[in-house]
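Asks: sequence and predicted structure below; questions after.
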Amino acid sequence: MTKPSEEVETMDDATPEESKPKGIKPAKLTAIIIAVIVIVLAGIGGGYAYYTHQELTAYHAAVAQAEAADKALSKAVDEAMATEYKADQLKEPKLLDKLDGAVRKAKALKGIPEEQPGEWLVWQLASAKQANATDADEANAQARALDAALKAVKDSKLAKELDTAKAQLRQGIDSASRTLKDTEGKVADNATRDSLTKAINEANKTIGKKDVSDPKAYTDAKAKLDAAVKQVNDSKAAKEKADAEAAAKAQAEAEAQAQAAAQAQAQAAAAAAQSQRSYSKSSTRGYSSSKSYTAPKKSYNRGYSAPQRSYTAPKQSAPAPSNNGGGSSNGSSLADLIGAASSGNTNELSTGNYAPIVH
């Protein structure tokens with residue numbers, strides 16, 4: 001076997017002079033071509049490696065962005081589902097439908113792809129990078145839509161609460177004003193009505209404000225108003241109780257006086273009745289003696305009639321003086337004596353003005 005150098009030399013010797021290349025010798029040309037190929041391949045390899053590194057870095061950045069977006073979206077979904085909202089709690093109940101739709105779309109997102117690209121496969125890195133970037137964009141957009149829907153629901157709920165609290169405060173003002181009017185002169189302490197007047201004025205100022213964003217401003221004013229109304233009502237009840245006790249006391253005293261007067265009157269009537277009974281007994285006894293006098297009168301007439309028939313008139317010793325033609329004389333006749341005896345007049349019988357009976 002010949003050496004390469006010898007083969008070259010043999011060829012050179014056999015080749016005619018006019019066919020030999022001029023300038024660069026074949027051996028040198030081959031070396032140059034090989035060097036160029038190596039340089040090209042080295043450049044291509046270096047560029048590929050650099051481009052692969054860049055794609056790998058971008059892929060990891062896209063994955064991080066997608067993870068952050070998905071985490072924010074998941075948090076938004078949890079917040080939207082943490083509180084249960086009802087249609088009657090909202091000023092615009094239809095907003096609940098929009099919120100439910102946003103939640104469904106958020107849950108439907110695919111998220112980060114599970115398959116991992118090869119680190120030296122540029123086309124896989126580029127595709128995975130784009131998938132994660134798309135996921136991040138969709139998650140961010142859906143999170144913004146979900147936040148907007150949730151905010152709209154919260155704002156509608158707040159608006160309803162503001163309207164309700166304001167309406168309740170207005171009703172409280174009307175009721176408190178009636179209480180203030182109806183309790184004039186009917187409370188134990190009028191200072192409570194002064195406090196109620198102040199609370200009503202403050203509540204009216206709160207109603208007139210246009211920048212109220214918290215229902216608590218209305219509810220606090222309503223609470224102060226209710227407390228003032230309660231003080232007035234308590235004072236009214238205290239006065240009514242005191243008046244009732246005073247009336248009951250006055251009635252009891254009047255009844256006691258009436259009862260005492262009735263007892264005194266009854267005692268007086270009893271005393272009068274007792275006195276009347278005593279008088280009746282005394283009068284009855286005196287009247288009975290009068291009745292007992294009647295019987296002797298009748299028996300006296302019957303017992304005296306016999307002597308009357310046997311009586312003989314005495315002779316007059318002297319003529320009776322004339323009394324203007326009257327029918328009486330100084331001496332009493334027997335008829336007069338009998339009349340005197342019947343009437344109980346015994347004076348004529350004792351005077352001796354009658355003539356003795358002579359047999």
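Replies: Received the coordinates, thanks. Residues are numbered from 1 along each chain as shown.

Asks: C-alpha only now, for contacts and for neighbours.
Replies: Will do.

Asks: wait, A217 touches T206, no?
Replies: Yes. Using C-alpha atoms under 8 Å, A217 is in contact with T206, at 7.4 Å.

Asks: so which of the two has more stuff around it?
Replies: T206 (20 against 17; other C-alpha atoms under 10 Å).

Asks: report the buried residues of the helix or strand hosting the more buried one.
Replies: Using DSSP states H and E, T206 maps to helix 191-208. Buried residues in helix 191-208, counted by 16 or more other C-alpha atoms under 10 Å: T192, R193, S195, L196, T197, A199, I200, E202, A203, T206, I207.

Asks: which one of these is nearest I173?
Replies: Nearest to I173 among the buried residues of helix 191-208, counting by C-alpha to C-alpha, is I200 at 6.1 Å.

Asks: let me see the contact set for the residue lying closest to that closest one once chain neighbours are set aside.
Replies: The spatial neighbour of I200 that comes closest, neighbours along the chain excluded (C-alpha to C-alpha, 6 or more residues apart in numbering), is I173 at 6.1 Å. By C-alpha atoms under 8 Å, 6 or more residues apart in numbering, I173 lies in contact with I200, A203, N204, L225.

Asks: now the helix or strand containing I173 against helix 191-208, angle please.
Replies: Element membership for I173, per DSSP H and E: helix 122-182. Counting by axes from the mean of the first three to the mean of the last three C-alpha atoms, to 10 degrees, helix 122-182 lies at 140 degrees to helix 191-208.

Asks: low-confidence ranges in this protein?
Replies: Applying pLDDT under 70 to the chain flags the ranges 1-48, 50-51, 113-115, 117-120, 279-359.

Asks: make it 50
Replies: Applying pLDDT under 50 to the chain flags residues 1-22, 38, 40-43, 45, 286-312, 316-332, 342-359.

Asks: and stretch 69-80, which residues are buried?
Replies: Buried residues in stretch 69-80 (16+ other C-alpha under 10 Å): A69, D70, K71, A72, L73, S74, A76, V77, A80.

Asks: give the buried residues for stretch 56-64.
Replies: So stretch 56-64, judged by 16+ other C-alpha under 10 Å, has buried residues L56, A58, Y59, A62, V63, A64.

Asks: tell me which of those residues fall in helices.
Replies: L56, A58, Y59, A62, V63, A64 (DSSP state H).

Asks: closest to Q276 out of these?
Replies: Of those, the one sitting nearest to Q276 (C-alpha to C-alpha) turns out to be A64, at 127.1 Å.

Asks: can you tell me how far the closest one is from N204?
Replies: 56 Å (C-alpha to C-alpha, to the nearest Å).

Asks: chain neighbours aside, what residue packs nearest to T192?
Replies: V232 is the one closest to T192 (C-alpha to C-alpha, 6+ apart), at 5.3 Å.

Asks: need the contact list for A262.
Replies: Contacts of A262 by C-alpha under 8 Å, 6+ apart: none found.

Asks: what helix or strand is it located in?
Replies: helix 215-309.

Asks: hmm, back to that, if I look at the residue nearest to T192, how far off is A191?
Replies: Taking C-alpha to C-alpha, one finds V232 at 9 Å from A191.

Asks: what does K157 give?
Replies: 40 Å.

Asks: next: L121.
Replies: Per C-alpha to C-alpha, L121 is found 89 Å from A191.

Asks: try A252
Replies: 32 Å.

Asks: D214 too?
Replies: With C-alpha to C-alpha as the criterion, D214 and A191 are 32 Å apart.

Asks: which residues does K222 contact?
Replies: With the criterion set at C-alpha under 8 Å, 6+ apart, K222 makes contact with Q168, L169, G172, A203.

Asks: so can I have TSV of these showing distance to A87?
Replies: Listed next are the contacts of K222 as TSV, based on distance: C-alpha to C-alpha, whole Å:
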residue	distance to A87
Q168	20
L169	23
G172	26
A203	30
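
Asks: the residues you listed, buried ones only, as a PyMOL selection?
Replies: In PyMOL, a selection of the buried entries from those looks like this (16+ other C-alpha under 10 Å):
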select buried, resi 169+172+203
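
Asks: show me which pair in the contacts of K222 is furthest apart.
Replies: Longest span within the contacts of K222, C-alpha to C-alpha: Q168 and A203, 11.1 Å.
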